[in-house]
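**Student:** here is my input, please return the structure:
(one chain, ligands or ions: 1)
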Amino acid sequence: MSEHSIAEPDADGQGDVVLSATDVTVAFGTKTVLQNLSLEVRRGEILGFVGASGSGKSVLLRTVLGLTPKRSGTIRLFGEDVDKMSDAERVRIDMRLGVLFQHGALFSALTVLENVQVPMREYLDLPARLMDELAMLKIELVGLPPDAAYKFPSELSGGMIKRAALARALALDPDIVFLDEPTSGLDPIGAAEFDELVIKLRDTMGLTVYMVTHDLDSLFTACDRIAVLGQKRVIVEGTIEEMLKSEEPWVKSYFRGKRARQLDLSART
Ligand SMILES: Nc1ncnc2c1ncn2[C@@H]1O[C@H](COP(=O)(O)OP(=O)(O)OP(=O)(O)O)[C@@H](O)[C@H]1O
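**Tutor:** From the prediction side, this is the model:
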């Protein structure tokens, strides 16, 4: 990871904060899923977000995206408090967010090209030809062959579906993309290629990436920083080196348990 350009730190050494959650609490009825959770995502970084199954990773993602209401706390996107935005401001902010939901979630009745154009149709008013050109650029950007544009999701491999979903997430040239378990279901080679693509996009476009993942390889090779969700909040935050030193029981068994044993920091380029 050493050659990756982590966000340029500013005067306080923290980098420019794209997303911050402060003391966020989310509950469903009497069940509290997140309690006083705080987290920051800095411009240009790839943040890996991990936690046990059912710990609330998707709930946090949905809360940040405004799809699930919070009970209390503050969420700021690009420095702006989401609760204080007008509807028009929220739309303007939403256009700067790209999302790749778990399992790709492409529309099965639409071709790849049409899928990539869905956000364009929702937010922009562009001539059809221009939308075709823009969608083709995104399809190329994620490494799909041009003929994939005219295929339906059922005609694509798992890896191609992830790339098509990423092309759709990039449709509006977002500043930050949220990836929910992007490498799940891919074989190790496909997963490694997807990680390389994410790193390339960050390096070339200055994209900020928030990646929910269970994939230890992704955490080792792609992520600049990792945040661990446990006990309804972020319990540990830091680099992979810091994860490997942590004595927090869940972090220790996750990063230094049997599955992690073969992963070797020296293997990182
Ligand atoms: N709409 C909802 N109503 C009630 N409970 C919910 C709702 N959405 C999520 N939950 C509960 O919140 C908890 C956290 O779920 P979430 O899907 O965020 O976990 P996760 O960390 O993303 O898990 P996984 O790694 O398995 O995807 C679970 O107990 C889930 O049942």
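
**Student:** ranges for the helices of this structure?
**Tutor:** 57-64, 87-94, 112-123, 128-141, 158-169, 188-205, 216-221, 240-245, 249-256 (DSSP state H).

**Student:** now those helices in a markdown table, with mean pLDDT, distance to residue 34 and mean neighbour count?
**Tutor:** In short, each C-beta sits where N, CA and C put it, glycine included. Shown next, in a markdown table, are the helices of the chain (pLDDT from 0 to 100; distance: least, Cβ to Cβ, whole Å; neighbours: other Cβ atoms under 10 Å):
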| stretch | mean pLDDT | distance to residue 34 | mean neighbour count |
| --- | --- | --- | --- |
| helix 57-64 | 94 | 6 | 21 |
| helix 87-94 | 92 | 21 | 13 |
| helix 112-123 | 93 | 27 | 20 |
| helix 128-141 | 93 | 33 | 16 |
| helix 158-169 | 91 | 24 | 24 |
| helix 188-205 | 91 | 26 | 17 |
| helix 216-221 | 90 | 21 | 20 |
| helix 240-245 | 92 | 21 | 16 |
| helix 249-256 | 90 | 16 | 17 |
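
**Student:** how about these, which one is nearest the ligand?
**Tutor:** Shortest distance between the ligand and these, using Cβ to the nearest ligand atom, is found for helix 57-64: 3.4 Å.

**Student:** would that closest one count as contacting the ligand?
**Tutor:** Yes - using Cβ under 6 Å from any ligand atom, helix 57-64 reaches the ligand at 57, 58, 59.

**Student:** one more: stretch 96-106?
**Tutor:** No - using Cβ under 6 Å from any ligand atom, stretch 96-106 stays clear of the ligand, coming no nearer than 7.1 Å.

**Student:** ends of that stretch, how far apart?
**Tutor:** Length of stretch 96-106, first residue to last, Cα to Cα, to the nearest Å: 20 Å.

**Student:** so what touches it?
**Tutor:** The contact list for stretch 96-106, computed with Cβ atoms under 8 Å, 6 or more residues apart in numbering, reads 58, 65, 77-78, 112, 115, 153, 161-162, 164-166, 168-172, 174-182, 184-185.

**Student:** so for it, mean pLDDT?
**Tutor:** For stretch 96-106, the mean per-residue pLDDT is 85.

**Student:** which of the residues in that stretch are buried?
**Tutor:** 97, 98, 99, 100, 101, 104, 106 (16 or more other Cβ atoms under 10 Å).
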